[in-house]
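**Q** Pasted the sequence and its predicted model underneath.
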Amino acid sequence: MHPEKPLYVDTPTAAGLLGLSRSSLEKYRHYRDPKGPPFAVFGRGSIRYHVPSLLAWAQERTVHHGAE
């Protein structure tokens, strides 16, 4: 049996999925940058990223050259 992939991940794991630094994600959150990825707060200081939303956020930033 294969373990299921988590639905929510912490900041270091999210950064690894996106190929960004942990500090980049922390800056998006700190400055409440509307261009940053969505995140959830569970309890006091427990920040998690919803993996499907995180991947959709990354997909929205894909640049297709020559497309209008």
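**A** That came through, no problem. Quick caveat, the model's predicted, so the values are computed rather than measured.
**Q** what about the helices in the protein?
**A** 11-18, 22-30, 51-60 (DSSP state H).
**Q** CA atoms of the second one as PDB?
**A** Below are the C-alpha coordinates for helix 22-30, written out as PDB (Å, rounded to 0.1, in the frame of the first residue of the first chain):
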ATOM      1  CA  ARG A  22      11.200  29.300   2.100                       C
ATOM      2  CA  SER A  23      11.900  33.000   2.700                       C
ATOM      3  CA  SER A  24      10.100  33.900  -0.600                       C
ATOM      4  CA  LEU A  25       6.900  32.300   0.700                       C
ATOM      5  CA  GLU A  26       7.300  33.900   4.000                       C
ATOM      6  CA  LYS A  27       7.700  37.300   2.400                       C
ATOM      7  CA  TYR A  28       4.500  36.800   0.300                       C
ATOM      8  CA  ARG A  29       2.700  36.000   3.600                       C
ATOM      9  CA  HIS A  30       4.200  38.800   5.600                       C
END
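**Q** what stretches of this structure score poorly on pLDDT?
**A** By pLDDT under 70, the low-scoring segments of the chain are 1-3, 67-68.
**Q** Nearest spatial neighbour of residue 26, chain-adjacent residues omitted?
**A** Excluding the flanking residues, the one nearest residue 26 by C-beta to C-beta, 6 or more residues apart in numbering is residue 11, at 6.7 Å. Bear in mind the C-beta positions are built from the backbone N, C-alpha and C, glycine included.
**Q** hang on, the earlier thing: would you turn the helices of the chain into TSV with mean neighbour count and distance to residue 37?
**A** What follows is the helices of the chain, written out as TSV (neighbours: other C-beta atoms under 10 Å; distance: least, C-beta to C-beta, whole Å):
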stretch	mean neighbour count	distance to residue 37
helix 11-18	16	7
helix 22-30	14	7
helix 51-60	13	4
